[in-house]
Structures are given as structure tokens and as C-alpha cells.
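# Just a sequence and a predicted model for now, questions to come.
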Amino acid sequence: MPKRYDRTASAPTLEFMRCKDCDMYGLCRLASNGEDANVTNALVKRRFVLRRGEYLYRSGDSFHEIYAVRHGSIKTYIYSDDGKTQITGFHGHGEIVGLDALDGMRFASEAIVLETTNICEVSFPHFQELSRNIPELQNQMLAIMSHAILRGQQMMLLLGKKNATERLATYLMSISRKIDKNKLSLPSYKLTMSRRDVGNYLGLTQETVCRILARFQEDGIIKVEGKYIYFFDIDRLTELTSQGRTEHVADLFEPSPRCLT
């Protein structure tokens, strides 16, 4: 059974991305009075590493912290009434997790680590204390939460209006955007999630995901080698997201606002 991490234990460091590429950068910069958050960070008080299979938080846990992924990946999911799981997201470099717990101050979802992952932890009480002296922090947090709501709405549109090919093409477009956003040195992306998990997230069967990936590869759009995916024809992939209409794709995968000031 996967284990949750020990909040009191010290943890080793791990390679991480630049602070400027993180969705939380605007908050950190405001909290540091405009100084470079790579050097000074008055908001993040703890960084730690989780290993594959460890939980960041469990459903029902009390909410005390917000988290940002510096390196690695996390899967979040909820349980339906019949006990089945529904994946709600895959979170990688620079993305924030835990904001859904603000309603009720308890986590309704579970977050499990898919690979060795470096986390920045922000104490929510500490954030509230800083906000009393820096009101702009509240506005920046609202902007981040608004973006999360927008992505949720666009995800509902994706599941409700697109066919299987369009769903998977849109998801792959989101991955290609992450490559551009993070300026990765290699034209590939590591799929730390299983084909079954991708299918669960998109409302497809594992067999359908594998079949469409194979077709995309035969058509020269992508190449899959083990857990790595290479993108060769982004224009064709864009066309497949919705018969050439990409307005919703752009909304769904735009990065969160960095800073309002």
C-alpha cells in the first residue's frame, strides 16, 4: 500500500526547475518584496522529496499547506460513491496542487507521487499572515484559483463534446505545451502515468488509448518509446484536437498567471 510522507522528517534535495517557470512564482515574488524568488523566498518555508508511490496527502486530511511541484509528477484522484477512482489531474513541473481543499479545509482528493518528486510547501496560515501586510497576495491567489476553475470547465467540455481521437489529441497537445513552457532540452516527454490512467482521466478505455496512440505513431505524428513520447507533427495534432478548431485547447492549457503587479 502506498505510504504518506513523514512531515517531520528531513528530506534530501533533488534537481528542480527555475522558480520563474513555476505557477507560484508571482506569489513568491510578491512575498519577497519583488526580489528574485530564486534567491529570496519569504513564502516557501520547506522543500522536500517524495518517492514514487508515496502520498502527498490523503482524502480527509486537514488542510494546512499548498504545494508546488519543482521537479517530478503527481497524480490526483477522487473516489466515486461506488468506490471507483476518477483521476482529476496529472501535475508536473511548476504546477500547484492542494487548492481544492480551501473549501472545508480538508482534502477531498488524494495526491500520489508518480516518480521521485521535489515539492515546495507553503503554509496556508503563513500565507494568510503575509497577506495582512501584502494585500496583493490575495489578488494573486484569486487569479491562480480562477485559472484552476477555468481549466476544470474546459475539462468538462473536453469530456462532454469531443470524441476519443479529439480527447487524446488535446491531451497530447497539453503535453507539447508543457515542453514549450518549460523549455525542455529534449523534444520528448516522459509519460510517468500509465495508459490506463490516461484513459481514466479522459473517459476512455486503456485499449482505446493504446489504439489511438498506435495510429498517431503510424501517421508520423508522434513516436512512443517506452515511457517517452516524441512529437513530430504538431500541426497535424492540432487539427485532430477538434477538426482544426483550437480555441478551447489554448484556454485549457495556458499557464497560470505569474504576477499581477
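Structure received. Numbering: from 1, shown residues only.
# could you show me where the strands are in the chain, in order?
46-50, 55-57, 65-71, 74-79, 85-91, 96-97, 110-113, 117-123, 188-190, 222-225, 228-231 (DSSP state E).
# which strands and helices sit next to the shortest one?
In other words, strand 96-97. When contacts are defined as 3 or more CB pairs under 8 Å, 6 or more residues apart in numbering; DSSP states H and E, strand 96-97 sits against strand 65-71. C-beta coordinates here come from the backbone N, C-alpha and C atoms, glycine included.
# Please apply the same query to the fifth one.
If you count contacts as 3+ CB pairs under 8 Å, 6+ apart, strand 85-91 packs onto strand 74-79, helix 195-202.
# for the ones you listed, which one sits closest to residue 171?
Proximity to residue 171 (CB to CB) singles out helix 195-202 among the helices and strands packed on strand 85-91, at 6.0 Å.
# counting contacts, what elements does the closest one pack onto?
strand 85-91, helix 164-182, helix 206-218.
# now the last one and helix 164-182, what's the angle there?
Think helix 206-218. Between helix 206-218 and helix 164-182, the angle comes out at 70 degrees (axes from the mean of the first three to the mean of the last three CA atoms, to 10 degrees).
# and if you look at the first one?
Relative orientation of strand 85-91 and helix 164-182, computed by the same axes, to 10 degrees: 30 degrees.
# buried stuff in strand 85-91?
Within strand 85-91, the residues scored as buried using 16 or more other CB atoms under 10 Å are 87, 88, 89, 90, 91.
# how about these in a markdown table, adding distance to residue 173?
Formatted as a markdown table, the buried residues of strand 85-91 follow (distance: CB to CB, whole Å):
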| residue | distance to residue 173 |
| --- | --- |
| 87 | 18 |
| 88 | 19 |
| 89 | 16 |
| 90 | 14 |
| 91 | 17 |
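# now, which of those sits nearest residue 236?
Using CB to CB, residue 90 is the member of those that sits closest to residue 236, with 23.5 Å.
# Next one: that closest one from residue 214, what distance?
21 Å (CB to CB, to the nearest Å).
# do residue 234 as well
19 Å.
# Pick out whichever of these two has more residues nearby.
Per other CB atoms under 10 Å, whichever of residue 234 and residue 214 has more neighbours is residue 234, with 16 against 11.
# Give the full set of residues in contact with the more buried one.
173, 176 (CB atoms under 8 Å, 6 or more residues apart in numbering).
# can you rerun that using 6 Å?
residue 176 (CB atoms under 6 Å, 6 or more residues apart in numbering).
# Show me the shaky parts of the chain.
Counting by pLDDT under 70, the ranges of the chain that qualify are 1-17, 36-40, 179-187, 243-261.
# please redo it, this time with the cut-off set to 80
Applying pLDDT under 80 to the chain flags residues 1-21, 34-41, 158, 177-188, 242-261.
# Adding distance to residue 66 and mean neighbour count, write the helices and strands packed on strand 85-91 out as a markdown table.
As requested, the helices and strands packed on strand 85-91 are exported to a markdown table (distance: least, CB to CB, whole Å; neighbours: other CB atoms under 10 Å):
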| stretch | distance to residue 66 | mean neighbour count |
| --- | --- | --- |
| strand 74-79 | 13 | 19 |
| helix 195-202 | 22 | 20 |
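# State the number of residues packed around residue 126.
16.
# Then the one 4 residues further on?
Neighbourhood size, residue 130 [other CB under 10 Å]: 18.
# Spatially central residue for this structure, please.
residue 91 (2.3 Å; CA atoms, centre = their mean).
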